[in-house]
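In: Sequence below, structure please.
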Amino acid sequence: MPFARMGRHMVEKLGATIRLLGDPAILDANGRSQPVRGHQAWALLARVLLARAPLDRRTLAAELFPETVDPLGSLRWCLASLRKALNTADCLNGDPIEGRFADDLDIDVLRLDRDDFNIEAAGPLLGALEPRCSPEFATWLLVERERIAGIVESRIRQETIRAMSVEDHGRATRLAELGVRRSPYDESAHILLVKSLALAGRYQAALEQVEATEAVFVAELGEKPSAALRSAARRTISSPPSGISRQAFVISLMQSGLAALSAGAVDAGIDCLRRAVRDAEKHKDAHLTSRAMFELGAALVHSVKGYDDEGSVLLRQSTELARQGAMQPSLRRAFANSAMSRR
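Out: From the prediction side, this is the model:
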């Protein structure tokens, strides 16, 4: 058989797989699962693979077999069991113990940053196993599980955004759903799911997801998620957030425009007011059109040099709509109050 050089050691090429993210397993080159007895053997393999430096046998024995009469003997037995499953005698040797695994051995926990890593298949470190080891090992396992979970969730987020950017909507939605299942109270994960549904053209599903998420957050956390969640359900970037009435959206544009004008941002304010008029006209809402024209006309007359004529036309159009009875009395009063505040 061919051999691969690793440092000064010759290790047999195996083509096998070590899977530690999810239910742990060792698979041979043909995909057949190899038996490994005992939770401590898997704990040992994870500890050796993820250690920043080789660990001595006495330390490992104390961590993994605190209640055993012969901790070092138990450690030797586990090491032999792992070497047998890997079908080689050239790894997991020495003191301190060094891995020295074959070059083509596929170890999932060491490939998290690889582009070809299947992030959808990644489960928690050692799956549901809870080895009966020392408190020191239990703390190490807890920290490593959280560290790896953070890496996996970050990868899921990156892959979801990448899938949306290339319009792979099926994969984007699948990954976003996985992100929500992993972090059900992470608003960012829910935003990505809503956005992936909206981009796929599933607008009703996106809105239903928004409403379901808001209900869960209120019930479990005592408050609604931010407006960014509902904004993610927009059909287009410029569309109003789903579930918000057209009137409320146009009024918010007018308020934003007036606030920008007050702050001295004239161009931004005029742009907001023009958008308000456009949206009101687009949806044939005479009441809102009247009000938006009034605010834009007044702004052009009072805030922008050289736009008096356009502003006067808009004010006259607004007045005509009011005289034709297009405005409700409450809107007339709003116009009157706005006009008084400008004097």
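
In: CA only for contacts and neighbour counts going forward, please
Out: Will do.

In: Sketch out the strands for the stretch 51-200 of the chain, chain order is fine.
Out: Secondary structure of the stretch 51-200 of the chain (DSSP state E, counting those that start in this stretch): strands at 106-107.

In: which regions of it lie under the pLDDT threshold?
Out: For the stretch 51-200 of the chain, applying pLDDT under 70 flags no range at all.

In: Show the model's pLDDT score for Ile251.
Out: On pLDDT, Ile251 comes in at 86.

In: What about it, how many residues nearby?
Out: 18 (other CA atoms under 10 Å).

In: Is it correct that it falls within a strand?
Out: No: per DSSP: H, G, I helix; E, B strand; the rest coil, Ile251 lies outside any strand segment and is helix.

In: Show me the protein divided up by domain.
Out: 3-121, 145-231, 246-332 (automatic domain parsing).

In: now the ones you listed in TSV, with distance to Ala128?
Out: TSV is the format used below for the domains of the chain (distance: least, CA to CA, whole Å):
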stretch	distance to Ala128
domain 3-121	7
domain 145-231	11
domain 246-332	48
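
In: which ones are touching Ile97?
Out: Counting by CA atoms under 8 Å, 6 or more residues apart in numbering, Ile97 makes contact with 48, 54-57.

In: I'd like to know which of those is nearest to Tyr307.
Out: Each of the contacts of Ile97 was scored against Tyr307 by CA to CA, and Val48 proved nearest at 74.5 Å.

In: how about that closest one, secondary structure?
Out: helix.

In: Settle this for me: Ala43 is touching Pro131, isn't it.
Out: Yes: counting by CA atoms under 8 Å, Pro131 is a contact partner of Ala43 at 6.7 Å.

In: For the two, indicate the residue with more neighbours.
Out: Legend: neighbour count by other CA under 10 Å for Ala43 and Pro131, higher for Ala43 (24 against 19).

In: separation between the more buried one and Pro135?
Out: 13 Å (CA to CA, to the nearest Å).

In: So which bits of the helix or strand hosting Trp42 are buried?
Out: In this structure, Trp42 sits in helix 39-50 according to DSSP states H and E. Within helix 39-50, the residues scored as buried using 16 or more other CA atoms under 10 Å are 39-49.

In: again with stretch 270-283
Out: For stretch 270-283, the neighbour count (16+ other CA under 10 Å) marks 270-281 as buried.
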